[in-house]
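1. return a 3D structure for these sequence lines:
(chains A and B)
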Amino acid sequence: METSLLEIQDLKTYFFTEAGVVRAVDGANVDVRPKETIGLVGESGSGKTVTALSALRIIPRPGRIVAGSIRFEGNDVLAKSEEEMRQLRGPKMAMVFQDPSSSLNPLYTVEKQLSDILMLHRKLMKKEASQRAEYLLELVGIQDPKTRLKAYPHELSGGMKQRIAIARALSCEPTLLFADEPTTNLDVTVQAQVLELMKTLQRDLGMSMVMITHDMGIIADMTERVTIMYAGKVMEAADTKTIFHEPKHPYTEALLAAVPRVDQRRILEVIPGNIPNLIEPPPGCVFHPRCKYARQICIDSAPPLEEVGKGHLAACLRWKEISLKGV
Amino acid sequence: MMMPQPLLQVQSLVKHFDVIERGVVRRKKIGIVHAVDEISFHINRGETVALVGESGCGKTTAAKVILYLEDPTAGEVYFDGVNVFETFEAGDKATRLKLRRSMQMVFQNPYASLDPRMTVYDIVSEAFLVHKHVPKEKWKDRVYEVLRMVNLEEYHAERYPHEFSGGQRQRISIARALAVEPSFIVCDEPVSSLDVSIRAQILNLLTDLQKEHDISYLYISHDLSSVRQISHRVAVMYLGQIVEEANTDDLFAKKLHPYTQALVSAVPIPDVEKKTMRIILPGEVPSPINPPPACRFHPRCPYARELCKLKEPKFEEYLPGHLAACHYAKDFI
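-> Residues are numbered from 1 along each chain as shown, chains lettered A, B, ... in the order given. All right, here's what the predicted structure looks like:
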């Protein structure tokens, strides 16, 4: 069996707000193998981002990891000291955030934001760090990197800012990169540029990537395996082909049938209702209020995440009885 | 055979914004943003036309000018035979109101477009207050009726916007637009801020409302997948100009403009068996302050030749109902 680079088991990350305890991640299992790209799919509030933040241990307050285990390269991430975590973030695990305008510091030039990291983690001198920063900008396809190094984030377009955020995440050549909806705020043609760039970099640098997105198109294009999350829980996980062809969870099926496609016009099947409130999630299976296959048993008991095929996990009590349609 | 008159006719519409530098003493005009540059198209009754393009291409500005929410720089818009700009500039209040009633808009962000201090009842009935087309005693019935049209319940009327999810809020925006019984609604990215599982609900709702009430839509979006789903005809915009227009199926079957080709190829398809070859455009959309001369797309176009740098291509019909602005459109047929 292949060893995992990152292994998250039964992770529970809750936010202790005044309104109540928000179960943002409520028992998530994710594993990432070396040099592969996996997709973490979910809508807002599904816990996909918080799962990534938990692995990096950068959950904003009032959030806290309350249970579960996270192992990276065989070591227990949750047992590490803050100082050890700092050594891990950047050189080992890095993250590209959704909105580059808010993840770059508006007060510093591009050069400073990149070279500070290199001076800290790579112990480079200022001049070497600048040269390295210039190389990084070239790597992510920014033209005229010398002038761009002197620029402040507000002087750059959205696509360019996201490239710089990627350059920053890659600056210490991490073994694992979390990309949290890295193209959601970009135009489609720029999105194509950035996705192509990430694919090439992932291959050339031999790193693993966790692509966090709600876009099944990006999943089909970029990933080898997929984990589908809903309301803080993993609904289904399998290799990408299996997810698309033979989904075993009604949510996956519904998601595939509800998204419009550019290559065909078809009848969109509506998923009724709304995303559940995470303070008081529905009893039993969290998807049951919106599931067309739901029965009394789905309200009464919560489904375990069980093996439904080789390397294929699904959390549905009725997976054996129902036959689902892929694309 | 006489062609039926289109509901909305846009002719050579231009919208420029001045770029002003504010000095200590003087304000100086230092440039012009060519937001919309001579676009023409029409929308028939009961039809959905999509205006597609990336951010900054002028699609939202065009829609705002059509509704006279922004002053036009030049051009004409006719709605049901009525000159829109003349009516709003010189017409009396009654005609202006009448026109407003028939043309409505649903905005992109339902979190910003609904007043948080008004109940749904107030939001929807505000239209009755302005247009006085519903007698006061019928307000309640009519509010309930429009709420039911968008699949909301009567009890929702007493609630405030913050009590609703994104999809429900967008339903409220649609209900507000429907309250005046319009024949034309501009939908500006109505699903782009919604979760994927909710998008289909709103797209299907818009289609159903169109069938039942014969409403025409101008659907503004950068999301080609939803455009394919909902629209009958598509106009693709690039830097303030329409570069291609055709029936939706024709456009997706045969793309005559290299920009459309790149745009469509860039959309990831949710299907593992279909790997499209992405056409990656170099660089980014140039500034509309100094758009490139001749063909505006030539600096990024993979097929650009000498002619493209010298002469602006005409927007011509290459196949029945299929227009494009490219010197070499014939080669793509």
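2. poorly predicted segments of the stretch 1-150 of chain A, please.
-> A:1-2 (pLDDT under 70).
3. distance check, the residue of it found nearest chain B against B:Ala179.
-> At 4.1 Å from chain B, A:Glu43 is the closest residue in the stretch 1-150 of chain A, using Cβ to the nearest Cβ. Backbone N, C-alpha and C define where each C-beta goes, glycine included. Distance, A:Glu43 to B:Ala179, by Cβ to Cβ, to the nearest Å: 30 Å.
4. same check on A:Met222?
-> Taken as Cβ to Cβ, the span from A:Met222 to B:Ala179 is 44 Å.
5. more neighbours: which of these two?
-> The neighbour comparison of A:Met222 against B:Ala179 (other Cβ atoms under 10 Å in any protein chain shown) goes to B:Ala179, with 27 against 22.
6. where do the domain boundaries of the chain fall?
-> If you meant another chain, say so; for now it's chain A. A:34-59+A:80-230, A:246-327 (automatic domain parsing).
7. ah, no, chain B please
-> B:8-231, B:256-333.
8. and the longest one, end to end?
-> Distance across domain B:8-231, first residue to last, is 16 Å (Cα to Cα, to the nearest Å).
9. with just CA atoms, put stretch A:141-148 into CSV.
-> Only the C-alpha atoms of stretch A:141-148 are listed here, as CSV (Å, rounded to 0.1, in the frame of the first residue of the first chain):
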residue,chain,number,x,y,z
GLY,A,141,4.9,33.5,-16.1
ILE,A,142,5.0,37.1,-15.1
GLN,A,143,6.5,39.3,-17.8
ASP,A,144,9.1,41.8,-17.0
PRO,A,145,9.7,40.4,-13.5
LYS,A,146,12.3,43.1,-12.5
THR,A,147,9.8,45.9,-12.6
ARG,A,148,7.0,43.8,-11.1
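10. picking that back up, show me the contacts for the residue of the stretch 1-150 of chain A closest to chain B.
-> A:His214, A:Tyr230, A:Ile275, B:Asp195, B:Val196, B:Ser197 (Cβ atoms under 8 Å, 6 or more residues apart in numbering or on different chains).
11. find the nearest non-adjacent residue to it, please.
-> Spatially, and ignoring its direct neighbours in sequence, A:Glu43 is nearest to B:Asp195 (4.1 Å; Cβ to Cβ, 6 or more residues apart in numbering or on different chains).
12. what about the residue of the stretch 101-250 of chain A found nearest chain B, neighbour count?
-> At 2.9 Å from chain B, A:Gly217 is the closest residue in the stretch 101-250 of chain A, using Cβ to the nearest Cβ. Residue neighbour count, defined by other Cβ under 10 Å, stands at 21 for A:Gly217.
13. with adjacent residues omitted, what lies nearest to it?
-> B:Pro268 (2.9 Å).
14. so the one you found sits against A:Ala220, correct?
-> Yes: using Cβ atoms under 8 Å, B:Pro268 is in contact with A:Ala220, at 6.6 Å.
15. wait, what's in contact with B:Glu284?
-> Taking Cβ under 8 Å, 6+ apart, one finds A:Ser157, A:Gly159, A:Met160, A:Val190 in contact with B:Glu284.
16. mean confidence for stretch B:165-174?
-> For stretch B:165-174, the mean pLDDT works out to 92.
17. now that stretch, how far from the centre of its chain.
-> On the basis of Cα atoms, centre = their mean, to the nearest Å, stretch B:165-174 sits 18 Å off its chain's mean C-alpha point.
18. next: stretch B:231-241.
-> That offset, for stretch B:231-241, works out to 9 Å (Cα atoms, centre = their mean).
19. now do it: distance from first to last residue.
-> Terminal-residue distance, stretch B:231-241 (Cα to Cα): 20 Å.
20. the stretch 201-333 of chain B against chain A: which residues are in contact?
-> Within the stretch 201-333 of chain B, the residues that sit near chain A (Cβ under 8 Å from any Cβ of the partner chain) are B:201, B:203-204, B:222-226, B:228-229, B:248-249, B:252, B:262-272, B:274-276, B:278-281, B:283-285.
21. switch to 7 Å and redo it
-> B:201, B:203-204, B:222, B:224-226, B:228-229, B:262-264, B:266-272, B:274, B:278, B:280-281, B:284 (Cβ under 7 Å from any Cβ of the partner chain).
22. so what's the one residue in chain B that gets nearest to chain A scoring on pLDDT?
-> Nearest residue of chain B to chain A: B:Pro268, at 2.9 Å (Cβ to the nearest Cβ). Here, the pLDDT recorded for B:Pro268 equals 90.
23. residue 244: helix or strand, and which one exactly?
-> Picking chain A for this. Following DSSP states H and E, one finds A:Phe244 within helix A:240-245.
24. switch to chain B, that's the one I care about
-> strand B:241-247.
25. next secondary structure after that strand?
-> Following strand B:241-247 toward the C-terminus (DSSP H and E): helix B:248-253.
26. what residues does stretch A:59-72 touch?
-> Residues outside stretch A:59-72 that contact it (Cβ atoms under 7 Å, 6 or more residues apart in numbering or on different chains) are A:5-17, A:24, A:50, A:53-55, A:76-78, A:92-93.
27. residue contacts, the residue nearest the centre of chain A?
-> By Cα atoms, centre = their mean, chain A has its centre lying nearest to A:Ile212, at 2.7 Å. Shown in contact with A:Ile212 (Cβ under 7 Å, 6+ apart): A:Leu40, A:Lys48, A:Thr49, A:Ala52, A:Phe178, A:Ala179, A:Asp180, A:Glu181.
28. tell me which parts of the stretch 51-200 of chain A are close to chain B?
-> Going by Cβ under 7 Å from any Cβ, the residues of the stretch 51-200 of chain A near chain B are A:Ser157, A:Gly159, A:Asp187, A:Val188, A:Thr189, A:Val190, A:Gln191, A:Ala192, A:Gln193, A:Glu196.
29. circling back: and of the contacts of A:Glu43, the nearest to B:Asp208?
-> B:Ser197 (18.2 Å; Cβ to Cβ).
30. and the closest residue to that closest one other than its chain neighbours, how many neighbours does it have?
-> Closest residue to B:Ser197 apart from its sequence neighbours, by Cβ to Cβ, 6+ apart: A:Ile271 at 4.2 Å. A count of nearby residues for A:Ile271, using other Cβ under 10 Å, gives 26.
31. wait, is A:Gly326 part of a strand?
-> No: looking at A:Gly326 with DSSP: H, G, I helix; E, B strand; the rest coil, it is coil, so not inside a strand.
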